[in-house]
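Chemist: one predicted model, sequence on top.
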Amino acid sequence: MAHNIPNKALVLVADGAKAILFRNAGQGGEVTLREERRLGLSDFNNDGPSGSQGTEASPGDTNEATFGKKLAQTLQAMKAANGYEDLVIVADPQTLGELRKVMHKMVESSIVHTIAKDLTNHTTAEIAAALVK
């Protein structure tokens, strides 16, 4: 089923440690991604994980929760500054779950499509192709 990704939609491609923000420059249903910026855990001040972490949580789990929280805050700040109207999220299932736990309603209402898959190590063309399937 083809998905209509609006022109100027913000496309977030993320895993638990890094994210790439793209903008769709395509017109009339085409997807043409232009990279805007890359983010990693080191791009954020570490003020702790999202919510409580159980004693079984590994340092990797804590870092992933922290990254999800910071990414959600970045999306909220961009939305508040009119940085996008439409949002597409492509993330591995765990990162997608972390984002959903802490995502502001304002950001959530902007989502036009999600894909629960890790595409952070794929080419821009491969990511664009996945968005129109």
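Modeler: Happy to help now that I have it. Numbers count the residues shown, from 1 in each chain.
Chemist: which element follows the helix or strand of the chain with the lowest mean pLDDT toward the C-terminus?
Modeler: For the chain, counting by mean pLDDT, DSSP states H and E, helix 59-80 ranks last in confidence among helices and strands (a mean of 83). Next helix or strand after helix 59-80 toward the C-terminus (DSSP states H and E): strand 87-91.
Chemist: ok, that next one: who's next to it in the sheet?
Modeler: Applying DSSP bridges to the sheet, strand 87-91 is found paired with strand 10-14 (parallel), strand 111-116 (parallel).
Chemist: and those strands as CSV, adding mean pLDDT and distance to Glu36?
Modeler: Quick note: C-beta positions are derived from backbone N, CA and C, even for glycine. What follows is those, written out as CSV (pLDDT from 0 to 100; distance: least, C-beta to C-beta, whole Å):
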stretch, mean pLDDT, distance to Glu36
strand 10-14, 98, 8
strand 111-116, 96, 17
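Chemist: follow-up on the earlier one: now the least confident helix or strand of the chain and strand 87-91, what's the angle there?
Modeler: 170 degrees (axes from the mean of the first three to the mean of the last three C-alpha atoms, to 10 degrees).
Chemist: that concludes my questions; thank you for your assistance.
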